[in-house]
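> When you get a sec, could you give me coordinates for this:
(chains A, B, C and D)
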Protein chains: 2
Amino acid sequence: MPLPASFPELASLDLFVSVVELGSVSRAAAAHGVSQPSASSRIKHLERQLGMRLLDRGPSGSLPTDAGVVVAGWAETILRAAHELEAGLSAFQAAQAGRLRIVASFTIAEYLLPQWLDRFSRDHPRDSIALEVANSTTVIDRLRHGAADLGFIETPSELDGLDEAIVGNDELVTVVATGHPWATPRTVPVEALAATPLVMREAGSGTRAALAAALRDLGLGEPSAVLELGSTSAVRAAVVHGNSPTVISRLAVAAEVAAGQLVEVDVPGLSVARQLRAVWPAGTALPSLARELLDDIR
Amino acid sequence: MPLPASFPELASLDLFVSVVELGSVSRAAAAHGVSQPSASSRIKHLERQLGMRLLDRGPSGSLPTDAGVVVAGWAETILRAAHELEAGLSAFQAAQAGRLRIVASFTIAEYLLPQWLDRFSRDHPRDSIALEVANSTTVIDRLRHGAADLGFIETPSELDGLDEAIVGNDELVTVVATGHPWATPRTVPVEALAATPLVMREAGSGTRAALAAALRDLGLGEPSAVLELGSTSAVRAAVVHGNSPTVISRLAVAAEVAAGQLVEVDVPGLSVARQLRAVWPAGTALPSLARELLDDIR
DNA sequence: ATCGCGCCATAGGATGCTTCTATGCCTCTC
DNA sequence: GAGAGGCATAGAAGCATCCTATGGCGCGAT
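Modelled structure (predicted):
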């Protein structure tokens, strides 16, 4: 479901929030590095777009109207998310220049790292982090070869020569759209799950392999696919708008479940859990920046 | 702290996420109501802006690269927040046309309602909600006069002729920036708080009055202001970037506390709590849409 | 093997928008 | 009464985006 074409620009919301925080259009304009008339015009455009007055302009600055207070509050939520994206992007782009080199698995990089990076970049504005995203094997390899300072993985494998700390946990869960028959009892026998065609990633994906292994351990057959898609996002979208269940990392659907778009279905007997860990070379002293990052995370 | 000027457009991120979910640029273009070349060009622009390839184009569609998977995941967080803002805005604009008329206090409208409205608008795409924001007295007035179907308030007062349900709770808390002396012990005696100049809203604000009353009940004097600002956002920004504490609604700083920008300080003996309630005219049947909204909230 | 379809990229032109500098008016303060 | 800070307007320049039309490419069906 795309955003409407008339949705306000992120830059305009950012500017408006700055006006509210700083108390004047001029100061906000300066903070954003644009001229005062440009800022004034952007705000006016925003007001026309929303069809409401947002500011009470006065000779000593501008205060938000009642509507402005509310809209500014709403806008801040978006801006917070935008700053997390920004923190993730700069780490991702700084591939080799950063002072602290992190390698993380996809799941952790997608759903947990932005908040950590955003906080860290505020506390350490002068220290850049370089982020690489890779599978667990590569993460361990990077650490062993000194190509990274700190890694994040979600496998339970043995890690000779690496120290570790648990930073969270993940689990494969069964989810359906809100209208699905399983959504009402919120539980389904594992045999029924195994017999139902699922929306899945293509063969070869780690999630799919983990599910197949768990069903095999229970003496059940290979799960069948009603639809095979190339990315987790595509799977999620297909489940939200379709009639088939999927089995997927809880972190990947936590937001949709919280928002009521998807329903998590209990499947007694089926359990595919894994801990999320930070890992680093044993023996060597953990860089102080890495230590601080880990402290922030806990 | 403004977003960098090079930050990607919300519309581009939205489009890119649609490509990942739908599996092709063409389909995403159609879903967004733009031409295929336009979409193609936007994605290319986004890739140049971020300095990374996001899509693997093939003759049967496009799949995200490793980087694309991660960026799409990050972008979805922003888009979710944007949809909540959108849901709030349409309710706010629909001032009198909606089928369900809601009146809410500022705190609830700012920090809780967008999620509820977003979920509701997905479940009931044909039913519009009209939202009015007002103080508690006005909320009650609107309900008594039949000008609204459902209200949300945060006062503990008696409500003759109205039914109610508790939907959450709020509390005034003391917060400081992370570098402040109080941040380390995370606690401070109430006498010290009363003796310290605070960042505050201007005289007349409800928050300020509640704090003054609580201190008076403890036999302490009026709190003094080191800085008086006209909006909660301005107060929050001043505390984050300054050296003075403030006393403020927990909901208003929950996100900053979670992100580590502000630290909540315990003040033994000081307690200013209030329940958040939904209220509606007693006796009359609650409209079915209102009933469903309340069920969703719980 | 070939035809057809779906997908993506490029080119060219028109439209629209945002930006900037310069200026004026207003109010509060000293 | 003068000065400073704040916001709005005007006009022009620059930039970006959009669209239509077209071409190339690979896959699948006949």
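> May I have stretch A:99-109 as PDB, with CA atoms only?
What follows is stretch A:99-109, C-alpha atoms only, in PDB (Å, rounded to 0.1, in the frame of the first residue of the first chain):
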ATOM      1  CA  ARG A  99      37.200   3.200  13.300                       C
ATOM      2  CA  LEU A 100      35.100   0.300  14.500                       C
ATOM      3  CA  ARG A 101      34.400  -2.500  12.000                       C
ATOM      4  CA  ILE A 102      31.300  -4.500  12.500                       C
ATOM      5  CA  VAL A 103      30.100  -7.600  10.600                       C
ATOM      6  CA  ALA A 104      26.500  -8.700  11.200                       C
ATOM      7  CA  SER A 105      24.100 -11.200   9.900                       C
ATOM      8  CA  PHE A 106      21.100 -10.100   7.900                       C
ATOM      9  CA  THR A 107      18.500 -10.500  10.600                       C
ATOM     10  CA  ILE A 108      20.500  -8.500  13.100                       C
ATOM     11  CA  ALA A 109      21.500  -5.900  10.600                       C
END
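> With chain B in mind, check whether it reaches it.
Yes. Under the criterion of C-beta under 8 Å from any C-beta of the partner chain, chain B is reached by stretch A:99-109 at A:106, A:109. Where C-beta positions appear, they are placed from N, C-alpha and C, glycine not excepted.
> And that stretch, what's buried?
Neighbour counts over stretch A:99-109 (16 or more other C-beta atoms under 10 Å in any protein chain shown) mark A:100, A:101, A:102, A:103, A:104, A:105, A:106, A:107, A:108, A:109 as buried.
> and residue A:273, how many neighbours?
Neighbour count of residue A:273, defined by other C-beta atoms under 10 Å in any protein chain shown: 11.
> In contact with it, which residues?
Going by C-beta atoms under 8 Å, 6 or more residues apart in numbering or on different chains, residue A:273 touches A:169, A:170, A:171, A:172.
> Give me the secondary structure label for the last one.
Classification of residue A:172 into helix, strand or coil gives strand, according to DSSP: H, G, I helix; E, B strand; the rest coil.
> Look up how far chain B lies from it.
17 Å (C-beta to the nearest C-beta, to the nearest Å).
> give the contact list for that residue.
Contact analysis of residue A:172 by C-beta under 8 Å, 6+ apart lists A:207, A:210, A:211, A:214, A:247, A:248, A:249, A:250, A:272, A:273.
> What is the burial count for the closest residue to DNA strand C within the stretch 101-250 of chain A?
As assessed by C-beta to the nearest atom of the strand, DNA strand C sits closest to residue A:230 within the stretch 101-250 of chain A, at 11.6 Å. The tally of other residues near residue A:230 (other C-beta under 10 Å) stands at 19.
> Kindly report the same for residue A:298.
8.
> Run through the residues that contact it.
residue A:167.
> Kindly provide the distance from the residue of chain A positioned farthest from its centre to chain B.
Residue farthest from the centre of chain A, counting by C-alpha atoms, centre = their mean, is residue A:59 at 42.9 Å. Between residue A:59 and chain B the computed distance is 14 Å (C-beta to the nearest C-beta).
> For residue A:100, see how far away the spatially most central residue of chain A is.
What sits nearest the mean C-alpha location of chain A, by C-alpha atoms, centre = their mean, is residue A:111, with 3.1 Å. Distance, residue A:111 to residue A:100, using C-beta to C-beta, to the nearest Å: 20 Å.
> I'd assumed residue A:254 was in contact with the residue nearest to the centre of chain A.
Yes. Residue A:111 is within contact range of residue A:254, at 7.3 Å (criterion: C-beta atoms under 8 Å).
> What residues does residue A:239 make contact with?
For residue A:239, the contact set (C-beta under 8 Å, 6+ apart) comprises A:175, A:176, A:177, A:199, A:245, A:246, A:248, A:262.
> Let me see the contact set for the closest residue to DNA strand D within the stretch 101-250 of chain A.
Closest contact between the stretch 101-250 of chain A and DNA strand D, by C-beta to the nearest atom of the strand, is at residue A:228 (12.8 Å). Contacts were defined as C-beta under 8 Å, 6+ apart; by that measure residue A:228 touches A:200, A:201, A:202, A:203.
> Export the residues you listed as TSV, with columns for pLDDT, neighbour count and distance to residue A:189.
Converted to TSV, those look like this (pLDDT from 0 to 100; neighbours: other C-beta atoms under 10 Å in any protein chain shown; distance: C-beta to C-beta, whole Å):
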residue	pLDDT	neighbour count	distance to residue A:189
A:200	89	24	20
A:201	85	21	24
A:202	78	12	27
A:203	73	10	25
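> tell me which of these is nearest to residue A:293?
If you rank the contacts of residue A:228 by distance to residue A:293 using C-beta to C-beta, residue A:201 comes first, at 30.6 Å.
> For residue A:293, give me the pLDDT.
Model confidence at residue A:293, given as pLDDT, is 91.
> In terms of secondary structure, what does the host helix or strand of it contact?
Assigned by DSSP states H and E, residue A:293 belongs to helix A:288-297. Judged by 3 or more C-beta pairs under 8 Å, 6 or more residues apart in numbering or on different chains; DSSP states H and E, the packing partners of helix A:288-297 are strand A:100-104, helix A:113-123, strand A:150-153, strand A:162-177, strand A:273-281.
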